[in-house]
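Enquirer: I would like to see how this sequence folds:
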Amino acid sequence: MLPAKKTSKSRTRTRRSHHKLKAVNYSVCKRCNHAKLPHAVCGNCGYLNPEITLKLAKEQ
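Expert: Okay, the predicted model is just below:
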C-alpha cells in the first residue's frame, strides 16, 4: 500500500525536529582550569577530587 499523498519537506522536518544532537556540558577543572566532562578525571592534570589524583603518562 502506498501513501495517498506526498509528505512535504516541512512536515518531515517538523517530525524530525527532536532528533538533534544535545550539546555536551563541560565543567572546569579546579586545579588547572581546563574544560573536562563532569564526574570524570581531568585529561590535562589527572585531578578528580582532593582524595583522588591519577598520574597520567605522556605519550611520546
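Enquirer: what score does the spatially most central residue of the chain have for pLDDT?
Expert: Centroid check for the chain by CA atoms, centre = their mean gives V24 as the closest residue, at 3.1 Å. You'll see V24 listed with a pLDDT of 89.
Enquirer: give me phi/psi at R13?
Expert: phi -70, psi -30 (degrees, to the nearest 10).
Enquirer: nope, S10 is what I was after
Expert: phi -60, psi -50.
Enquirer: N49 now?
Expert: Here N49 shows phi and psi, under degrees, to the nearest 10, equal to phi -150, psi 170.
Enquirer: what sits opposite it in the beta ladder?
Expert: N49 forms beta bridges with I52, as assigned by DSSP bridges.
Enquirer: right, and the residue nearest to the centre of the chain touches L37 too?
Expert: Yes. With contact defined as CB atoms under 8 Å, V24 counts as touching L37 (7.4 Å). Bear in mind the C-beta positions are built from the backbone N, C-alpha and C, glycine included.
Enquirer: report the helix or strand with the lowest average pLDDT across this protein.
Expert: strand 52-53 (a mean of 66; mean pLDDT, DSSP states H and E).
Enquirer: low-confidence ranges in this structure?
Expert: The model of the chain has pLDDT under 70 over residues 52-54, 56.
Enquirer: quick one: the strands in it, in order.
Expert: 27-28, 35-36, 47-49, 52-53 (DSSP state E).
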